[in-house]
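Chemist: Sequence first, then the predicted structure, then my questions.
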Amino acid sequence: MGIDLLPTLLRGAGITIQLTLASAALALVVALIAGLGRLSPWKPIRILAGTYVEVFRGTSVLVQLFWFYFALPLFGIRLDAFAAGVLALGLNVGAYGAETVRGSILSVPRGQIEAGIALNFSAAQRMRRIVLPQAFVMMLPPFGNNLIELLKATALVSLITIPEMTFEGYSLQMTTGRTNEIFLWLLLLYFAVAYPLTLGVRAIERRVSAFLRA
Amino acid sequence: MPANASDPASPENGRSDPGPVVRFEQVTKRFGDLTVLDRLDFEVAQNEKIAIIGPSGSGKTTILRVLMTLVEPNEGVVYVDGEPLWHKPANGELVRADEAHLRKVRKNIGMVFQHFNLFPHMSVLRNVTEAPIHVLGRSRSEAEDQALHLLDKVGLGDKTDQFPSQLSGGQKQRVAIARALAMQPKVMLFDEVTSALDPELVGEVLNILRDLARDTEMAMLIVTHEMQFARDVADRVVFFDSGRVAEEGPPSKIFSAPENPRTQSFLKAVLDH
Ligand SMILES: Nc1ncnc2c1ncn2[C@@H]1O[C@H](COP(=O)(O)OP(=O)(O)OP(=O)(O)O)[C@@H](O)[C@H]1O
Ligand SMILES: [Mg+2]
């Protein structure tokens, strides 16, 4: 297996990691906002958040990607490829994350909220101090899965010419023709990025839920 | 009506005499077709200790939940310390209360739940200090001093750094009692606070409540199936049936010479079981 292929692929891996982290950060923020929005007492906000979730879950990332990169410029909004990629990936994963956020919040036992009312916390304090910390523990495992899915989905943005790992793989294949070697490297490199992510998420989960175990 | 309550119908009396701390006036609560509270009139005097007994489904929990603002009544008015709880006065009539009004009146009420409902992500100490700090605006050191004092009182002064998952049921319930006391309510509600406990842990919690009933100024509304305990702590026992007060009186009367046939058969059933 040719080591000579590695520098190019590693450069791509760097971009892949950047894409993953930036999209994950966006997805996290959007998931929290939209997940809370779906539970808002105010109907227009519920509708807005619900529409976002359904639209982004109901269409493919690929189509969203093309929209952000090729269609938005027609409306005068021009994004560079990286920004379009982060936006599409982040908003797509954020829509799934919003459902996780909503579900986790709803699964905090009713008695917790009642105890919060009995202690005269305001609605916002109940959410922030009682519900969200407990919901967050439940969000972690699905968020971990989303993160790995996100990492794999970054390969799609090669289609809008972002030189991430898969893109570099295709380029090398074109110039060298050493298909088997290249794809073996890609396999190893994706795993080498994904596995530490999985371990990291698990470590956080363990720490956070240690004291919640009954 | 208890001997030490003023006449609730005449507000002028309220000036010299503090009047009842809680008053239900023709309160009705329905769940669908089921009428759980049926035009209930009910009063609690300042400092009064009341045991509420009655068959399952008679509405005992519902009264407490209406008072704790967890269940909104369909009709009638509930007064806490003279102020309407679920309503607020506007242009001479009572309109539905908003959250700000609920919070203002609710600060007089505290509750201990059957299933404790401690916050699992907070230490014992933080369970007790969280609301005094963030709701009452106390300083952390002041709140912690008070919490340590209360935890000592319930015999858990050495458990402050534990988490709820590390405690027995009886210990959890004692933390819940300390947590509720830290808010210094005028009325404390207890909903079958020992019925989720293993039998050998019931005593430790009942003893705390006995001490509390003896030493505190706050009114206590205690829903319980522990008849001996009710007899020991209550100034007045209220027997509930089908969402109404079927019979009430001092424990000696209710337990020794109940008049209502429903009370008689209920007591016979629970005391014989
Ligand atoms: N949220 C609710 N929705 C529908 N029905 C309810 C609800 N809460 C209570 N009920 C019904 O109202 C009736 C009275 O309930 P409540 O809990 O007040 O009784 P209780 O006297 O406390 O009984 P128990 O001794 O079993 O605790 C019961 O038939 C109960 O099923
Ligand atoms: Mg009950």
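Modeler: Sure, I can see it. Numbers count the residues shown, from 1 in each chain, chains lettered A, B, ... in the order given. Ligands and ions are numbered 1, 2, ... in the order given.
Chemist: List the buried residues of the host helix or strand of residue A:208.
Modeler: Assigned by DSSP states H and E, residue A:208 belongs to helix A:179-209. Neighbour-count burial for helix A:179-209 flags A:181-182, A:185-186, A:189-190, A:193, A:197, A:201 (criterion: 16 or more other C-beta atoms under 10 Å in any protein chain shown). The way it works is simple: take the backbone N, C-alpha and C, and place the C-beta from them, glycine included.
Chemist: And those residues, which is closest to residue A:98?
Modeler: Using C-beta to C-beta, residue A:201 is the member of the buried residues of helix A:179-209 that sits closest to residue A:98, with 18.8 Å.
Chemist: where's the closest one relative to chain B, distance?
Modeler: From residue A:201 across to chain B, the span is 19 Å (C-beta to the nearest C-beta, to the nearest Å).
Chemist: That residue contacts residue A:147, correct?
Modeler: Yes: with contact defined as C-beta atoms under 8 Å, residue A:201 reaches residue A:147; the gap is 6.5 Å.
Chemist: Name the nearest residue to residue B:39, ignoring sequence neighbours.
Modeler: Among residues not flanking residue B:39 along the chain, residue B:26 sits closest, at 4.9 Å (C-beta to C-beta, 6 or more residues apart in numbering or on different chains).
Chemist: which ones are touching the one you found?
Modeler: If a contact means C-beta atoms under 8 Å, 6 or more residues apart in numbering or on different chains, then residue B:26 has B:39-41, B:75-77 as its contacts.
Chemist: Counting by contacts, list what the helix or strand containing residue B:125 packs against.
Modeler: Assigned by DSSP H and E, residue B:125 belongs to helix B:124-134. Helix B:124-134 is packed against helix B:140-153, helix B:169-181, with contacts defined by 3 or more C-beta pairs under 8 Å, 6 or more residues apart in numbering or on different chains; DSSP states H and E.
Chemist: what about 10 Å?
Modeler: If you count contacts as 3 or more C-beta pairs under 10 Å, 6 or more residues apart in numbering or on different chains; DSSP states H and E, helix B:124-134 packs onto helix A:110-118, helix A:123-125, helix B:140-153, helix B:169-181.
Chemist: Report the contact partners of residue B:194.
Modeler: Contacts for residue B:194 (C-beta atoms under 10 Å, 6 or more residues apart in numbering or on different chains) come out as B:114, B:169-170, B:173, B:201-206, B:209, B:224-226, B:229.
Chemist: who in chain A is up against chain B?
Modeler: By the rule C-beta under 10 Å from any C-beta of the partner chain, the part of chain A lying against chain B is A:109-123, A:125, A:128-130, A:132-134, A:136-137, A:208-214.
Chemist: now the residues you listed: which count as buried?
Modeler: Buried subset of the residues of chain A next to chain B (neighbour count, 16+ other C-beta under 10 Å): A:112-122, A:125, A:129-130, A:132-134, A:136-137, A:211.
Chemist: Is there a quick ChimeraX command that grabs whichever of the contacts of residue B:26 are buried?
Modeler: Buried subset of the contacts of residue B:26, written as a ChimeraX selection, criterion 16+ other C-beta under 10 Å:
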select /B:40,76
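Chemist: Can you point out the helix or strand that includes the closest residue to residue A:204 other than its chain neighbours?
Modeler: Nearest-residue entry for residue A:204: residue A:140, 6.4 Å, with adjacent residues in sequence omitted and distances by C-beta to C-beta, 6+ apart. Using DSSP H and E, residue A:140 falls within helix A:132-153.
Chemist: likewise residue A:16?
Modeler: helix A:6-37.
Chemist: again with residue B:30
Modeler: According to DSSP H and E, residue B:30 maps onto strand B:22-31.
Chemist: quick one: buried residues of the next helix or strand after that strand?
Modeler: Per DSSP H and E, the first helix or strand lying C-terminal to strand B:22-31 is strand B:34-44. By neighbour count on 16+ other C-beta under 10 Å, the buried set for strand B:34-44 is B:35-37, B:40, B:42-44.
Chemist: Can you name the residues that contact the residue in chain A positioned nearest to ligand 1?
Modeler: Among all residues of chain A, residue A:110 sits closest to ligand 1, at 10.1 Å; criterion: C-beta to the nearest ligand atom. For residue A:110, the contacting residues are B:70, B:117, by C-beta under 10 Å, 6+ apart.
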